[in-house]
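S.K.: Using only what follows, build the 3D model:
(3 chains)
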Amino acid sequence: MIQLETREQTSRAAVVVAPLTAIAFTLAVCGLLVLWAGAPVARSFAALLEGGFGSRFALTETLTRATPLILTGLAAAVAFRARFFNIGAEGQLYLGALAAVAVGGLHGGAGFAWPLPLLFIAMMAAAMLAGAAWLAIAAVLRTRLAVDEVVTTLLLNFVVLLFVSWMLDGPMKDPAAMGWPQSVALNPALELSKLIERSRLHSGLPTAVAAAALLWAMLKFTAFGFEMRAVGANREAARFAGIPVNMTVIKTALISGALAGLAGAVEVAGRTSYVTLDMSPGYGYAGIVVAMLAALNPLGVVLAAVFIAGMFVGADSMSRAVTVPTYVADVIVAVSLLAMLVAAQLVRYRVRWRT
Amino acid sequence: MFADLWQIVASDAFWIATLRIGTPLIFGVLGVLLCERAGVLNLGIEGIMVAGAFAGWFAVYLGASLWTGVAVAALTGAAFGLLHGVLTVPLGLSQHVAGLGITLAATSISYFAYRVSFPKLTEPPRIAPFAELDFLDPVPVLGPILGAQTALTILALTLVPLTGYVLYRTPLGLAIRMVGENPAAAETAGISVTATRIGAIAAGSALMGVAGSFLTLAAFNAFFFNMVNGRGWICVALVVFASWRPGKALLGALLFAAFDAAQLRLQQSSIGTAIPYQWWLMLPYLLSIAALVLVARKAAYPQALMKPYRRGER
Amino acid sequence: MSAPVLRLSLITKRFGTLVANDAISLTLARGEVLALLGENGAGKSTLVSILFGHYLADEGSIEVFGQALAPGDPAAALAAGIGMVHQHFTLADNLSVLDNVMIGTEPMWKPASDRGAARRRLLDLAQRFGLAVDPDASVARLAVGEKQRVEILKALYRGARLLILDEPTAVLTPQESESLFATLKRFVADGMSVIFISHKLDEVLVAADRIAVLRAGRLVAERARAATNKAELAYLMVGREIAPPPKRSARQRGPAVLESSNVQLRDGGRSRLAAVSLAVHSGEIVAIAGVAGNGQGALAELLFGESTPTQGTLKLNGAAYPRTPRAAVTAGVARVPEDRRAQGSVGDLSLWENTAIEQLRSPPFARFGLLRRGAMQTFARTLVTQFDVRGATHGDALDTPARLLSGGNLQKLILGRALSSPRAGPRLIVADQPTWGLDVGAVADIHARLIAARDAGDAVLVISEDLDEIFALADRIAVINHGRIVETRATADWTLAELGLAMAEKRAA
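M.R.: I've put the predicted structure just below:
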């Protein structure tokens, strides 16, 4: 029979080797997939890496895709740290996008007649509020009624998508779109500026990185961050020490929802200008993987987001060069998650055979 | 409105739809039930259903018989279930995260496999699905309704009492229930908690795979992206509502399916056209959440659910 | 005289440096009831766990019914006819009595469980031994005494001829205990043999034929029931060379800091504290002595601010006692919990974070919600030095995660944190099992600090199962028994025998 036992000392070396082993394993699986697709392995890997990181265009694309991933990754990391499993980032993202357009859209042609800076702030705030409020539902159900938040946040994602669909058909429909389901356009004056000419990279990226830095700082330097870490690490001891555990979980959920909502606003203001039903190719769910790969560390989230974004962009490019379907990126992401989890577990614990 | 409702409920078509919509849910809930009775949450169900849908359909596409396709789907489900079992039981990973990882992996591998196999096609190739059981039509009352179903639905319905039998009337079932309630007691009685849990997860996941195959081999006749569409998560909610009992699970699945069938038809009715279709479609998900909230406080969870078992720690 | 059904020879078991069983040799005759008597930590549970196969002895051998017993294998023990009724029942609440009894008794892959036959056999056994049960009742609904009957029937169902009962009356009412002893008589009449563990002298003298007394891992005495009495047993159980308590200079104790008057605590239908009346004054150490499970946990919870009394009054320095952990911290109550890793510290956080955790939002440590790490680290450094906390291995020692500290050092840290919290006026210190699991050096250190705190005017309450500790520290000793403080006396006024009796005395319901 196999059994786990805690290692007395976690060696420094193991902490570094573990993620590397996970990545190596993932790449090996990726290689198998490429073989299955009948493509030459070396060339495919080269295309993947080049497509994700190998040119100015690739880098800007990767970073553009990483921007919302950083934010949804932060959303997941924050929540998971307090042992609150927010799987609803996808829905919170869409609600945030909708709220952003609701405030900053060209309603009736010109939108709200407010001074632009105020409107911009209101737009972002509305997005964060929308995301936070939506997650608060699941948070209250969990703290008050002991309903597991995993299933509720998941199911609420589907509800949001339907809600957005209705909004796009009706109240927030783009009068100029001629039947295509998209929302009223965002006021161009509110759009995020481009960071690099002739690319899609916008100032959402520094915003996301700033959010990561802020979160890191909050965790490290504020009393609330301390409470959050304590509650996530040892709930009972935190309660004994006088920390208000339930309130901490709810506040954490609000922050998490707000970050996911912000991701939506940043996508609308930076990349799409409209809310559409397919504006997020699963950023909410990918954010969870980003958070786990980063071991819930906010700064690590930035790196993990860039890695995963690079995989997706690279896979797109690779699929044009060789006959490997773009879904290879999804498989890489899923396998790297599982591999990382196993590696992290084996750093903490040893597996023993008992007769 | 009520006249519309009565018309709907009184029609055969409604009940036919109910059974058809309910079949994958029945398989799925039974699958989740087996895993959770053994003490393990299996959030891989959504992905396993996709994998089962793809694997079953693909096998038939390659020339296998329909039942072989179902078997392939079951084996695919069991394989992913085995992985989930190994990750969560001996390796002790968080059941939530491992399950989500399996969903992501199973879904993405299925989509990848589909694209590798049909790189150029925009429309998936059709296969000949399970036939309706027309020979049942003459049976009074239930005839037309059952006659419009496929053999898989009959399988689902028979699995309900069978699962109940195994759980409550065999030593294997007792072992499964015990490892989900008090693993220490099971271990003391000479039962391997690890083996029993992994076995239950594999079996439950096989059922989840079959649930997916129903979608491609009976309900529809091809594999589409996003065809599972949250049914897996709904099964997870339904099992709590069913208090982990097969009989109530059947009831819950059918109630839910009835509700879904009704809202589809109500959309055409007088009140239906007044309310946008998206709101009707939201109802099943909201209903699942409501069901969870209703039973949350007094839910008699299997006592060892989600607690990793460490044997013999002093 | 027939051959013994059980022969234990020189059983020795070590856990690290702790010798739990030291060369114990015992025999058990057919139809005999043997009681294993001893206080907590004497080694009784370890010994029977070895017998049943939960543990593997380091040295020694076991012979059952004349055959050597394969060590470390519960299945072998079961096959040899040994059955064990654990103190903490291994029952599944959500399943029925029959389910719990049948588990593991049929081949796993048998297509149909023969529940009818099992039910008949169960009811037959129940009737034979007077253990009434309803096979279809859900275990969750059973009273504790009924649950124990199911545990016993589990063993009988598997054909046990030698029954081990671990503290069987610990959770029973007097009536249920009577019932149990009647059952034991029927076992004996049937030719079975029984070993039961107890610390209750009355019961041991009623139910056992022979009594074996264990102390600190050794078998110190064996007596036939007729040849001994309560006083002798009590002395054998607890008596040993205890350093005479330090001369207590006539000291004035100050006003009462903690006052508890007829405090009760109920949890659902269960009474956890029946009547606790006690006062702890500034400048004294009061120890709560008692066998584990008599309400110490509930009392600790109350004093830590984790629960509030259902009835009665609890006061701190004349005002109502704090009702939440946070309020307790603010009121300056110094708390040392029983479980230093699950409750007393957050293993993944660093030393300096653990020392500051109780006051993380208060002025020296936080301003405008921002942590003042410098202040926290200085505080930690002072504390670590003052309280001699060692074992920090990381670069900057204070960054060491708390889980890497040894038990002793962690306890010193927790005590230091408790004693360093700001307060106005005399402080209440509540220490629950403060030196459990620690080595001699750490124990001495902790004791010295508690005494120093007392001398400085604090009011100290120590809950302990270690009589050595109690005698070394306490000015007064209060005995808790079945949720009630039964007697409080100055230390000098207690004899060991009297203390043992008060702790073990059977109380009327």
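
S.K.: so who does the residue of chain C found nearest chain B touch?
M.R.: The nearest approach of chain C to chain B comes at C:Gly104, 3.0 Å away (Cβ to the nearest Cβ). To be clear about C-beta, it is placed using only N, CA and C from the backbone, and glycine gets the same treatment. The contact partners of C:Gly104, by Cβ atoms under 8 Å, 6 or more residues apart in numbering or on different chains, come to B:175, B:186, B:189-191.

S.K.: try A:Gly104
M.R.: A:111-112, A:119-120, A:122-123, A:186-187, A:190, A:269.

S.K.: where does the closest residue to it other than its chain neighbours land on pLDDT?
M.R.: Leaving aside its sequence neighbours, A:Gly104 sits nearest to A:Met123 (Cβ to Cβ, 6 or more residues apart in numbering or on different chains; 4.0 Å). A:Met123 is assigned 91 on the pLDDT scale.

S.K.: any idea how far chain C is from A:Met123?
M.R.: Using Cβ to the nearest Cβ, to the nearest Å, we find A:Met123 at a distance of 27 Å from chain C.

S.K.: For the stretch 151-300 of chain C, give me the ranges with low pLDDT.
M.R.: The model of the stretch 151-300 of chain C has pLDDT under 70 over residues C:239-251.

S.K.: Tell me where it has strands.
M.R.: In the stretch 151-300 of chain C, the segments counted as strands under DSSP state E, counting those that start in this stretch are C:162-166, C:193-198, C:210-215, C:218-224, C:256-267, C:270-281, C:284-289.

S.K.: What pairs with the second one, parallel or antiparallel?
M.R.: It stands for strand C:193-198. The sheet places strand C:193-198 alongside strand C:33-37 (parallel), strand C:162-166 (parallel), with pairing taken from DSSP bridges.

S.K.: coming back round to it: sec struct for the residue of chain C closest to chain B, please.
M.R.: The assignment at C:Gly104 comes out as coil when based on DSSP: H, G, I helix; E, B strand; the rest coil.

S.K.: Now it: closest residue in space, sequence neighbours ignored.
M.R.: That would be B:Ala189: by Cβ to Cβ, 6+ apart, it lies 3.0 Å from C:Gly104.

S.K.: residue contacts, that neighbour?
M.R.: Applying Cβ under 8 Å, 6+ apart, the residues near B:Ala189 are B:178, C:103-105.

S.K.: any idea how far the closest residue to chain B within the stretch 101-250 of chain A is from B:Ile234?
M.R.: Ranked by Cβ to the nearest Cβ, the top residue of the stretch 101-250 of chain A for proximity to chain B is A:Trp166, at 3.9 Å. According to Cβ to Cβ, to the nearest Å, A:Trp166 and B:Ile234 sit 21 Å apart.

S.K.: okay, these two: which has more neighbours?
M.R.: B:Ile234 (29 against 18; other Cβ atoms under 10 Å in any protein chain shown).

S.K.: just checking, that one is part of a strand?
M.R.: No. Assignment of B:Ile234 by three-state DSSP gives helix, placing it outside any strand.

S.K.: those helices in chain B, which residues are they?
M.R.: Taking DSSP state H as the test, the helices found in chain B are B:2-10, B:12-37, B:45-61, B:66-88, B:95-117, B:143-147, B:151-169, B:171-181, B:183-188, B:193-214, B:231-241, B:246-266, B:270-274, B:277-296.

S.K.: residues touching the residue nearest to B:Ala291 when sequence neighbours are not counted, list them.
M.R.: Among residues not flanking B:Ala291 along the chain, B:Phe241 sits closest, at 4.2 Å (Cβ to Cβ, 6+ apart). Contacts here follow Cβ under 8 Å, 6+ apart; on that basis B:Phe241 touches B:248, B:252, B:291-292, B:294-295.

S.K.: Report the helix or strand with the lowest average pLDDT across chain A.
M.R.: Every helix and strand in chain A was compared by mean pLDDT, DSSP states H and E; the lowest is strand A:2-6, with a mean of 68.

S.K.: buried ones in the next helix or strand after that one?
M.R.: Downstream of strand A:2-6, the first helix or strand assigned by DSSP states H and E is helix A:12-36. Buried residues in helix A:12-36, counted by 16 or more other Cβ atoms under 10 Å in any protein chain shown: A:14, A:18-19, A:21-23, A:25-27, A:29-30, A:33-34.

S.K.: before we move on, back to that, among the contacts of B:Ala189, which one lies nearest to C:Val5?
M.R.: Distance to C:Val5 across the contacts of B:Ala189 (Cβ to Cβ) is lowest for C:Thr105, with 23.0 Å.

S.K.: Distance of that closest one relative to C:Leu219?
M.R.: Counting by Cβ to Cβ, the gap from C:Thr105 to C:Leu219 is 35 Å.

S.K.: So those two - more neighbours on which side?
M.R.: C:Leu219 (22 against 17).

S.K.: my read: that one touches C:Ile24, true?
M.R.: Yes. Counting by Cβ atoms under 8 Å, C:Leu219 does reach C:Ile24; the two are 4.9 Å apart.

S.K.: just to revisit the earlier point, and the residue of chain C closest to chain B, its phi and psi?
M.R.: With angles defined as degrees, to the nearest 10, C:Gly104 sits at phi 80, psi 0.

S.K.: try C:Glu146
M.R.: phi -70, psi -40.

S.K.: got the residues of chain B near chain C?
M.R.: Residues of chain B lying close to chain C by Cβ under 8 Å from any Cβ of the partner chain are B:169-175, B:177-178, B:181-182, B:184-186, B:188-191, B:300, B:302-303, B:312, B:314.

S.K.: Where does A:Ala39 sit: helix, strand or coil?
M.R.: With three-state DSSP as the criterion, A:Ala39 reads coil.

S.K.: Which pLDDT value does the model give the closest residue to it other than its chain neighbours?
M.R.: Closest residue to A:Ala39 apart from its sequence neighbours, by Cβ to Cβ, 6+ apart: A:Val322 at 4.0 Å. On pLDDT, A:Val322 comes in at 85.

S.K.: So what touches stretch C:220-235?
M.R.: C:26, C:37, C:201-202, C:204-205, C:208-214, C:236, C:496-497, C:500-501, C:504.

S.K.: Now that stretch: buried residues?
M.R.: Buried, per 16+ other Cβ under 10 Å, within stretch C:220-235: C:220-221, C:223, C:225, C:228, C:230, C:232-235.

S.K.: got the CA positions of that stretch in CSV?
M.R.: Extracted in CSV, the C-alpha atoms of stretch C:220-235 (Å, rounded to 0.1, in the frame of the first residue of the first chain):
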residue,chain,number,x,y,z
VAL,C,220,4.7,-2.2,39.0
ALA,C,221,2.3,-4.6,40.7
GLU,C,222,-0.3,-7.3,40.3
ARG,C,223,-2.9,-8.0,42.8
ALA,C,224,-5.9,-10.3,43.2
ARG,C,225,-9.1,-8.3,43.8
ALA,C,226,-9.6,-9.8,47.2
ALA,C,227,-6.1,-9.0,48.3
THR,C,228,-6.1,-5.2,47.8
ASN,C,229,-8.1,-2.1,48.4
LYS,C,230,-8.7,1.4,46.9
ALA,C,231,-6.1,3.2,48.9
GLU,C,232,-3.4,0.7,48.0
LEU,C,233,-4.3,0.8,44.3
ALA,C,234,-4.4,4.6,44.3
TYR,C,235,-1.0,4.8,45.8
